[in-house]
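K.L.:
Pasting the sequence and the predicted coordinates here, then a few questions.
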Amino acid sequence: MNIKEKIEDLIKNTLKSLNIEAKDIRPDEHPFGRVSLEHPVDLEMGDFSTNIAMVLAKENKTNPKELAEKIVKKLNKNLPTEVLKIQIAGAGFINFYLPKEFFVNSTREILENKNFGRNNIFEGKKVMVEYTQPNPFKPFHIGHLMSNTIGESISRIVEFSGAKMVRANYQGDIGPHVAKAIYELLKSGLPEEDKSVSEKARYIGNLYAKGNDVYETDEKAKKEIEEINKKIYDKSDKKINEIYDWGRRITLEAFEEIYKILGTSFNYYFFESIVAPIGEKIVSSSDVFEKSDGAIVFRAEKYNPKLHTRVFITSQGLPTYETKELGLTKMKFEKENLDLSVVITAHEQEEYMKVVNKALEIISPEFASKMKHVVHGMMRLASGKMSSRKGNVITGESLILESCDEILKKIENRDFTEEEKKQISKDVGVSALKYSILKQNIGGDIIYDFEKSISFEGDSGPYLQYSFARANSVLEKAKKENILPGFMSDDFAPTEVEKLLYRFPEIVFRSAQEFEPHYIANYLIDIARAYNTYYGSTKIIDKNDPTSPYKVALTLAFSLVIKNGLYLLGIKAPERM
RNA sequence: GCCCCUGUAGUUCAAUGGAUAGAACUGCGGACUUCUAAGCCGUCGAUGUAGGUCCGAUUCCUACCAGGGGCACCA
């Protein structure tokens, strides 16, 4: 039984002995509404808090404070050693303070348990997370960067929570966007051989934007592009096949370089070209679809008035995204025996996904029940919507390079080897970007402004890394001075660092449950700030101080938690910076 | 027009229905000279509007206002 459960029991028994009706203090089981044991908003207010007095006052015909006093009086009569003191505060909260011993023990536990922070909500489950989804022949823009960052973090959190993780990437290597790029490639020719992969990929991306432009303005070009599109599907034109294979390969290689910098890798790469025929089969053998204006559609509003009709097969006989999605889902479940299949996309796809899922519910309910769609916000420009069709995109690569360059400038004159500088600027630059994406609720849009959205101080990835590097430097000095972690503490009140450290597993649990990395990001900032304050006001390494070993232990515990936390965000923790 | 999402300091974000609505950036003002100053301390400053539910609403409900996304052959 952990401390929370012990206190819950204590409260329950006290209520019983006072003849106060409350079946359970857990919120979902309580008949009268919200009664719970939680952490107070402010660390000064104790370690646990309950609102039972406020909730139960009315039905017991008394006021919250009086009831709270009655309960506290009873609690104080046989207070277990696990609780230091109890106080009434605010409108009738009962606050529990834990003794120093509890914090010393949790510090010890963190040092002894390398996996501190893990939970088992996905124990024994196989979970696939699909994220990033860039399209060959189109640029890897900051939206993909966002999807990748969020997807990688969620994958790590789910894995840390006991799941067997399968990472998947779904790439659109077929469809009108490819035809547009190839149309222009046929006109302009291929780039020079000696260009780098990313330069070639950029060349293709630019031609795609151009192709898209003429598709919208030039009727003749539009027809030609549609012809090319068909030829790509049926592979009837040798020249087109060659360009297709080349362009696909180059852009995929360029993506791979980016994944490497971001620290992500996939178990599966699914492609629209493979999945499309599977989807077509599903559509043609199902009777939920209808013919309409030459196209094959699914009328989702028949099943749910909030949904709408979508085209699955175009009047030209080509499968759309929706059909491919059906094929993709089938393929995923054939490859792996999944308990859960998570798809991460921007919220602009939320409505389509609802329609596709409705179709799936009817055709393959066994898959539909295991699907989870996680939507995130979009990167926006102050000037309006970014669209690779229009060419006003900021590529993921340029953003990463820019961020890393900033760091490089900062550490130019520092005492690092060139190799170290390169590594640090990469780790810190990527961290600044990732953190700026993960610090907020994933549903919200991010207004892109390099100056403001990527910060290196305050509430930022580099701040977390800096705090870790600083703790690490303290630990190195401790080693030199031969001060080993110990557990004899002073009698002073527990520090904020101690009050926060033991909560890490709860934070991870909640992040995993809600697929929300930002709880971890916010927690890490809180604890890093607490440690930096502690560092500023305390001499940790001091041979004449008998409690110095405990301070070292605390520093080590902090460094382990922040390292684990950063890992869950997909951020590296350099030992020096 | 219909459907979905979002409105919190000047700005970017927090806040399982709870306590004095927290941070960061910006502005202003400090400290130490120590184990990493990408740091620490202080200070100014906010819940779109109007109702409702509740002991208690930034959070839930309704209407309105504002922004974004989606609404048949793009993904």
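P.N.:
Looks like it arrived, so ask away. Residues are numbered from 1 along each chain as shown, chains lettered A, B, ... in the order given.
K.L.:
from here on, contacts and neighbour counts on C-alpha atoms
P.N.:
Fine.
K.L.:
Tell me where the model's unsure across the stretch 251-400 of chain A.
P.N.:
For the stretch 251-400 of chain A, the stretches flagged by pLDDT under 70 are A:381-393.
K.L.:
neighbouring contacts of stretch A:329-339?
P.N.:
A:125, A:126, A:127, A:128, A:275, A:278, A:367, A:370 (Cα atoms under 8 Å, 6 or more residues apart in numbering).
K.L.:
What is the burial count for residue A:502?
P.N.:
Counted with other Cα atoms under 10 Å, the neighbours of residue A:502 add up to 21.
K.L.:
and the closest residue to it other than its chain neighbours, what element?
P.N.:
Once flanking residues are discounted, residue A:502 sits nearest to residue A:106: 6.1 Å by Cα to Cα, 6 or more residues apart in numbering. Residue A:106 is part of helix A:100-112, with elements assigned from DSSP states H and E.
K.L.:
Just name the shakiest helix or strand of chain A by mean pLDDT.
P.N.:
The helix or strand with the lowest mean pLDDT-type score in chain A, counting by mean pLDDT, DSSP states H and E, is helix A:450-453 (a mean of 64).
K.L.:
Near the residue nearest to residue A:377 when sequence neighbours are not counted, how many other residues are there?
P.N.:
Of all residues not flanking residue A:377 in the chain, residue A:445 sits nearest, at 4.1 Å (Cα to Cα, 6+ apart). Residue A:445 has 16 neighbouring residues, counting by other Cα under 10 Å.
K.L.:
Look up the pLDDT of residue A:445 for me, please.
P.N.:
On pLDDT, residue A:445 comes in at 87.
K.L.:
Look up how far residue A:104 lies from it.
P.N.:
Taking Cα to Cα, to the nearest Å as the measure, residue A:445 falls 41 Å from residue A:104.
K.L.:
what pairs with the following helix or strand past the helix holding residue A:106, and is each one parallel or antiparallel?
P.N.:
Next in sequence after helix A:100-112, counting helices and strands by DSSP H and E, comes strand A:126-130. Next to strand A:126-130 in the sheet, as set by DSSP bridges, lie strand A:164-171 (parallel), strand A:340-346 (parallel).
K.L.:
Excluding chain neighbours, what is closest to residue A:267?
P.N.:
Nearest non-adjacent residue to residue A:267 (Cα to Cα, 6+ apart): residue A:167, at 5.3 Å.
K.L.:
which residues does the one you found contact?
P.N.:
By Cα under 8 Å, 6+ apart, residue A:167 lies in contact with A:128, A:129, A:130, A:131, A:155, A:265, A:266, A:267, A:268.
K.L.:
quick one: the third one from RNA strand B, how far?
P.N.:
The one in question is residue A:130. 13 Å (Cα to the nearest atom of the strand, to the nearest Å).
K.L.:
Check the fifth one too.
P.N.:
For residue A:155, the distance to RNA strand B under the criterion Cα to the nearest atom of the strand works out to 20 Å.
K.L.:
and that residue, how many neighbours does it have?
P.N.:
Using other Cα under 10 Å: residue A:155 sits among 28 other residues.
K.L.:
Residue A:290 is in contact with residue A:296, correct?
P.N.:
Yes: if you go by Cα atoms under 8 Å, residue A:296 and residue A:290 touch, sitting 5.5 Å apart.
K.L.:
contacting residues around stretch A:235-249?
P.N.:
The contact list for stretch A:235-249 (Cα under 8 Å, 6+ apart) reads A:136, A:137, A:173, A:182, A:185, A:201, A:204, A:228, A:231, A:232.
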